[in-house]
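A.B. asks: A predicted structure for the sequence below; I have some questions about it.
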Amino acid sequence: MSAIQVNREEMIVSSVERRSDDNRYVSIFRTGRISRVGGEELCVLRNISTGGAMIAHNGDLDIGERVTLDLRLDESLVATVVWVKGERSGLQFDTEADLPKILAGHTAGPRPRPPRLRIAAIVGVTAGQTRARVTLRDISQTGACFEEGKLPRVPELRVVLDGLGDYRAIVCWRRGGLIGVNFASTLPMWPLNDWVRSAR
């Protein structure tokens, strides 16, 4: 699989099938976050039922590994990896997922922000004529939060992620010594995962 880049306008539900156990098996294409020993990484949810899910992921998941899957909802699904084939893995949930709630959360109302990866890493920021190294607090494909430091108050910044690229960012908020930005272009998912792993 090539590096996956999930656009802001993501594909939602493409098909619904029935399994022999009568659980709905829904094929979707949605960014998720996996929390595991060692940190957090992005994944793509490919399908989900009440009992489990299939994800695409560019890391090394192991059969039997315990993970938590977050799908931009106020609900986390604790699961065990039950199979791995290339960049796709099968998860079995500890408890039955509320599938109608999950699907309603993806198809109705305002879109919640994409999952962010919490991290403490030093990145370069250019604000007007000022260049600084600041501490990144979290990052997603579409935005980030970092410490403000002594950066001037300007509406746009350039954020340099060493080894990943230089990105134009729009300042969305400032509070408590932190700055929240939205990137003008979507960061590629698999390279972002790799960058986060290397920055830990």
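C.D. replies: Arrived safely. Remember, predicted model here, so these are calculated numbers, not experimental data. Residues are numbered from 1 along each chain as shown.

A.B. asks: mind checking how far the nearest residue to Ala199 once chain neighbours are set aside is from Arg36?
C.D. replies: Closest residue in space to Ala199, ignoring its immediate chain neighbours: Ala121 at 4.0 Å, by C-beta to C-beta, 6 or more residues apart in numbering. To be clear about C-beta, it is placed using only N, CA and C from the backbone, and glycine gets the same treatment. Distance, Ala121 to Arg36, by C-beta to C-beta, to the nearest Å: 18 Å.

A.B. asks: pLDDT at the residue nearest to Ala199, what is it?
C.D. replies: For Ala121, the model assigns a pLDDT of 93.

A.B. asks: now do Arg8
C.D. replies: Taking Arg8 on its own, its pLDDT is 37.

A.B. asks: which SSE is Ala121 in?
C.D. replies: For Ala121, the host element (DSSP states H and E) is strand 117-127.

A.B. asks: can you list the helices and strands that that strand packs against?
C.D. replies: strand 39-48, strand 130-139, strand 156-161, helix 189-199 (3 or more C-beta pairs under 8 Å, 6 or more residues apart in numbering; DSSP states H and E).

A.B. asks: tell me the average confidence for stretch 190-200?
C.D. replies: On average, stretch 190-200 scores 92.

A.B. asks: next, the angle helix 189-199 makes with the longest strand that the chain contains.
C.D. replies: In the chain, taking DSSP state E as the definition, the longest strand is strand 24-36. Interaxial angle, strand 24-36 versus helix 189-199 (axes from the mean of the first three to the mean of the last three C-alpha atoms, to 10 degrees): 20 degrees.

A.B. asks: and Asn182, how many residues sit next to it?
C.D. replies: 15 (other C-beta atoms under 10 Å).

A.B. asks: helix or strand: which one has it?
C.D. replies: Going by DSSP H and E, Asn182 is part of strand 178-183.

A.B. asks: next one: Ile170
C.D. replies: Per DSSP H and E: strand 165-175 holds Ile170.

A.B. asks: and that strand, what other elements does it pack with?
C.D. replies: Using 3+ C-beta pairs under 8 Å, 6+ apart as the contact test, the elements touching strand 165-175 are strand 143-147, strand 156-161, strand 178-183.

A.B. asks: can I get the CA coordinates of the first one in PDB?
C.D. replies: Provided in PDB are the C-alpha atoms of strand 143-147 (Å, rounded to 0.1, in the frame of the first residue of the first chain):
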ATOM      1  CA  GLY A 143      -3.200  20.600  12.600                       C
ATOM      2  CA  ALA A 144      -1.000  20.900  15.600                       C
ATOM      3  CA  CYS A 145      -0.500  22.500  19.000                       C
ATOM      4  CA  PHE A 146       2.800  23.800  20.300                       C
ATOM      5  CA  GLU A 147       4.200  26.100  23.000                       C
END
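
A.B. asks: mean confidence score for it?
C.D. replies: 96.
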